[in-house]
Each structure stands twice: as C-alpha cells, then as structure tokens.
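In: Provide a 3D model corresponding to the input given below.
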Amino acid sequence: MKNIKILDCTLRDGGRIINCDFEDSTITGIMDQLIKANIDIIELGFLRDNIIYNGNSTFFSSLKDAERYINDGMNATKYVVFVDYGLYDVYKLEPANLVGISGIRFGFTRKDLIKDKENLYLAMRHIKKMGYDVYFQDVNTNGYSEEELQELITMANEIKPVSFGIVDTYGSMYLDDLEKIWNVVNERLDQQIMIDFHSHNNMQMSFALTQRLIFLAGKERRLIIDATLNGMGKCAGNLNTELIIDFLSRKYNYDYDLDAVLDAIDRYLYPIKKEKEWGYSIPAFIAGIYKSHPNNVIYLTEKYRLNNRDIKYIISGIDVEKRQVYDYDNIQDLYKNHFSQQIDDVQTLKELRALFEGKSVLVMAPGKTLKTHRNKIIAYVEEHNPIKIAVNFIPEELQYDYLFFANAIRWEKSNNRVDKSKCIVSSNISGKVESLFKVDYTSLIVEDSPLFDNSTIMLLNLLKKIFVKEIQLAGFDGLKPNAENYIDKTFPNEKVEKNNLKTNEEIHKLFMQYREKTDTRIKVEFITPSIYQTMS
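Out: Have a look, this model is predicted:
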C-alpha cells in the first residue's frame with residue numbers, strides 16, 4: 001500500500017499571486033487535468049466571511065460555492081478547502097453529507113495558539129462533528145520552540161485530524177531544520193495521523209526537503225505532500241507538482257500521469273505567468289533567510305525599485321515578529337533610516353586598505369584589563385609594532401594610531417579632543433566629519449542579532465574588509481556582574497546580571513562566528529583575559 005498522497009493546492013495557495021482570480025473555465029480545466037493525473041487531493045480554494053461570491057474566484061463564501069466546480073464523475077480524488085482561523089466562522093459549515101467536499105484544512109498561527117488555544121480546539125472539534133476530515137495546519141512550524149511543538153502535537157493527538165502540518169511558511173528551512181522537527185513529530189504524533197508537508201521555495205529547497213522527508217518516513221509514516229502546478233505561488237512559489245509526481249513515479253512506482261499535469265501547465269498556467277511572475281529570485285531568497293512575509297519584499301521591490309543588497313538590510317532591520325506580517329508604514333520608516341545611514345565608502349575602503357592590508361592590528365576595546373594588563377600591552381606593542389586602534393574611547397595611558405567610533409554618544413563626547421585624520425567613523429554618526437575615514441554602517445553590522453551594532457564586532461568586520469593579517473584583542477573583556485567593566489568611567493557600568501549574561505552569550509556567539517569565517521585568513525588572539533575566551 002502506498003503511504004504518500006499528493007495534495008495539489010494550485011487553486012488555493014498558488015492562486016494567492018493573482019488574488020485567487022481564476023476564471024471559471026480555468027478552475028474546472030485545472031481540476032479536470034489533476035483528476036486525469038490521479039492527484040489524490042485537490043484544494044479548491046479559501047473559505048472566507050464577508051464575500052459575495054459571483055464566480056471566477058477561489059475565494060468562496062460557502063462550501064456550496066466551491067462544490068459547483070466538482071466533477072461528479074467517478075474518481076478517487078478528494079476535495080478540500082482552506083480556512084484561516086479568524087477569517088471564517090466554521091460554525092456556519094453545512095453537514096459534510098450535503099456537499100461533495102470531504103475536508104477542511106484549518107490554518108492558524110503561533111500567536112493564535114498562545115492567545116486562543118481553547119477556541120482553536122473547539123473549532124476543529126466542531127469541523128469533525130460536522131463530518132469533515134480536519135487537516136491540522138500550524139503556520140510556520142519552524143517558528144515554534146520544541147516545547148510549543150510538543151504542545152501542538154498533544155492537541156493534534158486529542159483532536160485526531162487526518163493530518164498534522166509541517167509548514168515551511170517563509171521558505172526558510174534547511175535539511176537540519178526539517179529533521180529536527182521531524183524527530184519530534186514522528187516520535188510523539190499518533191501513528192494514525194498523517195504528516196502533511198507544505199513548503200515554499202524561497203531558497204530552492206522545496207524539492208530537496210520533500211525527498212528528505214520521504215526518506216525519513218520510509219514505509220512506516222503516511223505522508224501528504226503539498227504542491228502546485230509549475231510551482232505557482234506568491235513570490236518564490238511552492239514545490240512543483242510535476243517534479244514530485246515524476247519523482248514518485250520513477251523512484252517508487254506511483255501511478256501519476258505527468259502528461260496530464262504538463263497539459264494543465266500549458267493550457268492554464270502559462271497565460272497567467274505571462275502577466276504574473278513567480279519562482280526563485282533574490283528578493284524571494286532574502287524573504288526566506290529572514291523568515292519574512294513575502295509582501296514585505298514585494299513592497300520594497302515594486303515601490304522603491306531597490307537593489308537586492310538594500311532590500312536585505314531593510315528586511316533584516318524589521319523586528320522578528322513583525323517580519324511575519326506586513327506593516328508598510330514601518331517598512332517606509334526603515335527605508336528612510338537605512339538610506340540616511342548608507343554611504344558609498346569604496347574610496348575610503350581603498351585608502352584604508354592601503355594603510356592596513358597585510359598588517360598586524362591591536363584592537364583596544366574599553367575593558368578594565370587595558371589598565372590591569374597595561375604593561376603586557378606595552379611590551380607587545382614594543383616587540384611587534386602593530387597598528388593600534390581604540391574602540392569608542394580615547395586611551396589615556398596607552399598610545400594609539402587610530403580611533404574607531406560607531407556609537408554616536410561616544411563620538412559626541414570625544415570628537416572635540418581628537419585628530420580627525422586619525423578617526424574612522426561609521427555612517428550612522430551624523431554631524432561634521434571633515435578629514436574622517438567614514439565607512440558604511442550597514443555593511444558592518446551583524447544582521448539578525450540583538451547586538452547587531454556592537455562596535456568591537458563592527459570594527460572586526462571592517463578589518464576583514466581591508467585585509468589585515470592579524471588581530472590582537474585587548475580590553476575585550478566581557479561584562480561581569482556588580483563590577484566596573486570599563487576603563488573609561490563615562491561608560492555605563494550598572495547592568496542587571498541577567499542582561500550581562502545574555503550580552504556575553506550573544507557577543508561570544510558573534511565573535512566565534514567571526515573567527516570561523518576568517519579562520520584561514522586572519523589570525524585572531526587575545527592579549528588580555530576575556531570572558532569570550534573561556535565561554536564554551
């Protein structure tokens with residue numbers, strides 16, 4: 001017995017790229033070809049409240065609207081529709097024996113689970129009571145913690161849906177992400193419940209992820225695989241129906257008719273694709289790596305016609321939770337902020353490279369060990385003669401060659417006391433900057449980190465760009481609780497111990513990532529003791 005079923009969601013998820021505005025003849029034509037291809041499940045579209053249905057759409061106001069497209073001929077194909085929690089009142093559903101639709105795909109978010117778990121449970125129970133198969137679709141499965149995922153599985157085991165969704169909503173999964181989720185789901189989910197995999201192709205991973213899932217399932221787990229004709233879907237689109245049915249036919253002897261699917265693509269999708277573009281693109285890739293709603297990327301692409309690099313930086317600046325929805329006012333603010341800080345620093349980097357390339361550099365962060373280990377630092381300087389750079393402060397007892405400022409407050413307190421020709425300043429710092437080496441702030445920050453603009457890490461990133469040979473770190477101590485952590489008394493010292501711990505962990509992570517990336521090019525060592533040396 002075959003343990004895999006294909007669910008074609010062209011008319012629903014694929015339709016989002018055209019607001020589900022399919023002509024009636026296209027809807028029936030696609031369905032006829034999918035039936036000929038022996039596709040197991042066809043998703044007809046969305047159920048939505050506040051819709052007056054007049055045809056030529058797969059946004060339906062009732063199941064009767066959707067049922068009109070079903071072919072009454074004898075076939076084994078099942079028909080389902082999709083309900084987003086909060087957008088359709090499931091208590092209006094007709095009994096299943098009155099319509100030709102067998103199942104409801106019920107989608108909800110992590111936010112819904114946290115705020116409204118009991119009503120989610122009751123809604124799915126009611127759908128079952130009305131005689132329908134329930135398809136349990138938890139949006140963005142990759143966004144749940146392991147504990148939350150276990151909570152989802154417990155709910156599913158109680159409800160007993162037909163399937164439990166592993167949903168790659170933002171096309172952000174890699175193989176290890178899938179396997180991590182699979183291990184939890186496969187171990188805890190009732191064996192009678194199928195696992196439904198729904199992916200988006202932002203990073204060209206849909207087909208590879210699906211093959212891996214099929215391998216993991218073996219013959220023991222029953223699967224549903226979602227796909228769309230020609231990968232049709234918003235932004236990057238979905239797994240291609242034609243790819244997965246050909247794979248299953250060739251490798252596992254499934255009886256799908258590829259010709260019928262190819263005919264559907266020729267007849268009904270190519271005309272749409274002439275008007276609407278989907279599939280892999282760099283903006284779609286960016287949406288994937290930052291787990292962003294595709295509308296954010298589409299908005300930046302269409303409204304501002306931005307370079308991909310600029311889209312990348314703006315999307316990375318959106319709060320993690322806000323990325324998963326779209327707030328165009330927020331994006332506009334980020335757009336303005338981004339371009340207020342971005343500069344063309346090609347000439348500056350060229351000048352700095354002439355000064356630094358192949359050299360050894362001593363980076364002096366403002367930690368207390370600059371004072372406690374002053375003699376060791378002086379001895380190192382006398383023996384090795386490195387280029388000496390201080391970060392966000394002016395050393396009083398140690399010599400320096402350059403000062404690096406990436407913090408506007410620190411710059412304001414120091415700029416009247418320094419030789420500007422010896423200052424390297426990031427572009428987020430405004431004001432008069434004559435004779436400075438001014439470098440692009442956006443290219444030095446670490447995106448997707450809560451400490452994305454840590455000044456020492458930013459300087460290390462700059463030194464990588466100008467090809468230094470060796471970096472020695474002094475005063476890069478880390479934060480200790482209930483202690484003066486800085487050599488410069490104007491730096492804030494009082495921090496909550498818990499915040500110190502989180503800060504140390506994040507900077508350690510960023511530093512280790514830097515070390516790994518530059519391992520074969522830049523030698524990085526500590527002169528003075530540091531928490532970041534001893535953290536595991």
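In: and Lys438, which of the three is it?
Out: strand (DSSP: H, G, I helix; E, B strand; the rest coil).
In: my guess is it contacts Val425, does it?
Out: Yes - between Lys438 and Val425 there is a contact at 5.4 Å, judged by CB atoms under 8 Å. To be clear about C-beta, it is placed using only N, CA and C from the backbone, and glycine gets the same treatment.
In: Have a look at the two and say which one is more surrounded.
Out: More neighbours surround Val425 than the other of Lys438 and Val425, with 21 against 17 (other CB atoms under 10 Å).
In: pretty sure Leu113 contacts Leu152?
Out: Yes - judged on CB under 8 Å, Leu113 makes contact with Leu152 at a distance of 7.0 Å.
In: residues contacting the residue nearest to Glu148 when sequence neighbours are not counted?
Out: Excluding its sequence neighbours, the residue lying closest to Glu148 (CB to CB, 6 or more residues apart in numbering) is Arg110, at 6.9 Å. Neighbour list for Arg110: 138-140, 143-144, 148 [criterion: CB atoms under 8 Å, 6 or more residues apart in numbering].
In: least trustworthy helix or strand in the chain by mean pLDDT?
Out: The helix or strand of the chain with the poorest confidence is helix 328-341; it has a mean of 65 (mean pLDDT, DSSP states H and E).
In: and the next element down the chain from that helix?
Out: Later in the chain than helix 328-341, the nearest helix or strand by DSSP states H and E is helix 346-356.
In: can you pull the buried residues of that next one?
Out: 348-349, 352, 356 (16 or more other CB atoms under 10 Å).
In: Format those residues as CSV; extra columns: pLDDT and distance to Ser206.
Out: Below are the buried residues of helix 346-356 laid out as CSV (pLDDT from 0 to 100; distance: CB to CB, whole Å):
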residue, pLDDT, distance to Ser206
Thr348, 94, 42
Leu349, 95, 38
Leu352, 96, 43
Phe356, 96, 44
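In: State the number of residues packed around the nearest residue to Leu229 once chain neighbours are set aside.
Out: Leaving aside its chain neighbours, Leu229 sits nearest to Thr10 (4.6 Å; criterion: CB to CB, 6+ apart). Look at Thr10: counted by other CB under 10 Å, it has 29 neighbours.
In: does Thr10 sit in a helix, a strand or a coil?
Out: Going by three-state DSSP: Thr10 is coil.
In: Can you list the low-confidence ranges for the stretch 401-536 of the chain?
Out: Low-confidence segments of the stretch 401-536 of the chain (pLDDT under 70): 431-435, 489-498, 536.
In: Can you show me the strands along it?
Out: 402-405, 423-426, 437-439, 470-474, 523-526 (DSSP state E, counting those that start in this stretch).
In: buried set for stretch 9-28?
Out: Buried residues in stretch 9-28 (16+ other CB under 10 Å): 9-18, 20, 22, 26-27.
In: Next SSE downstream of the helix or strand hosting Asp112?
Out: Per DSSP H and E: Asp112 is located in helix 110-129. As assigned by DSSP H and E, the chain's next helix or strand after helix 110-129 is strand 133-138.
In: can you give me the offset of the helix or strand that contains Glu158 from its chain's centre?
Out: Assessed by DSSP H and E, Glu158 sits inside helix 146-159. Averaging C-alpha positions (CA atoms, centre = their mean, to the nearest Å) puts helix 146-159 23 Å from its chain's average.
In: for it, which positions count as buried?
Out: Across helix 146-159, burial judged by 16+ other CB under 10 Å covers 149, 152-153, 155-156, 159.
In: cool, and stretch 52-67?
Out: Going by neighbour count (16+ other CB under 10 Å), the buried part of stretch 52-67 is 57-63, 65-67.
In: Identify those among those residues that sit within helices.
Out: The helices, defined by DSSP state H, take in 63, 65-67 from these.
In: on that earlier part again, wait, what's in contact with the residue nearest to Leu229?
Out: 30, 34, 228-229, 232, 241, 269.
In: repeat that for 10 Å
Out: Applying CB atoms under 10 Å, 6 or more residues apart in numbering, we find Thr10 in contact with 22, 27, 30-31, 34, 39, 42-43, 58, 227-233, 238, 241, 264-265, 268-269.
In: for Phe437, same thing?
Out: Here Phe437 is in contact with 345, 348-349, 351-352, 355, 402, 404, 420-425, 462 (criterion: CB under 10 Å, 6+ apart).
In: Out of the residues you listed, which comes closest to Leu473?
Out: Taking CB to CB as the measure, Leu473 lies nearest Phe404 of these, at 13.2 Å.
In: gap between that closest one and Lys388?
Out: 11 Å (CB to CB, to the nearest Å).
In: So the two - more neighbours on which side?
Out: Per other CB under 10 Å, whichever of Phe404 and Lys388 has more neighbours is Phe404, with 25 against 20.
In: Thought Thr456 was touching that one, still the case?
Out: Yes - assessed by CB atoms under 10 Å, Phe404 is found in contact with Thr456 at 8.8 Å.
In: which neighbours do those two share?
Out: Contacts common to Phe404 and Thr456, judged by CB under 10 Å, 6+ apart, are 363-364, 391-392.
In: which of these tops the neighbour count?
Out: With neighbours taken as other CB under 10 Å, the top of these is Met364, carrying 28 neighbours.
In: so that one bridges to which residues?
Out: Ala390, Ala474 (DSSP bridges).
In: any idea how far Thr528 is from it?
Out: Counting by CB to CB, the gap from Met364 to Thr528 is 9 Å.
In: overlap in contacts of these two?
Out: Any residue near both Met364 and Thr528 by CB under 10 Å, 6+ apart counts here, and that gives 370, 377, 472-476.
In: Now rank the residues you listed by neighbours and give me the top one.
Out: Gly475 leads those on contacts (other CB under 10 Å) with 28 neighbours.
In: For stretch 161-178, buried residues please.
Out: Those would be 161-173, 177-178, for stretch 161-178 by 16+ other CB under 10 Å.
In: Now compare those residues and name the two farthest from each other.
Out: Distance extremes for the buried residues of stretch 161-178: the farthest pair is Val162 and Ser172 at 26.0 Å, using CB to CB.
In: most distant residue from the middle of this protein?
Out: Glu382 (47.9 Å; CA atoms, centre = their mean).
In: sec struct for Leu398, please.
Out: Assignment for Leu398 (three-state DSSP): coil.
In: again, but for Lys5
Out: strand.
In: ok, the most centrally placed residue in the chain to Gly233 distance?
Out: The residue lying closest to the centre of the chain (CA atoms, centre = their mean) is Lys291, at 2.0 Å. According to CB to CB, Lys291 and Gly233 sit 17 Å apart.
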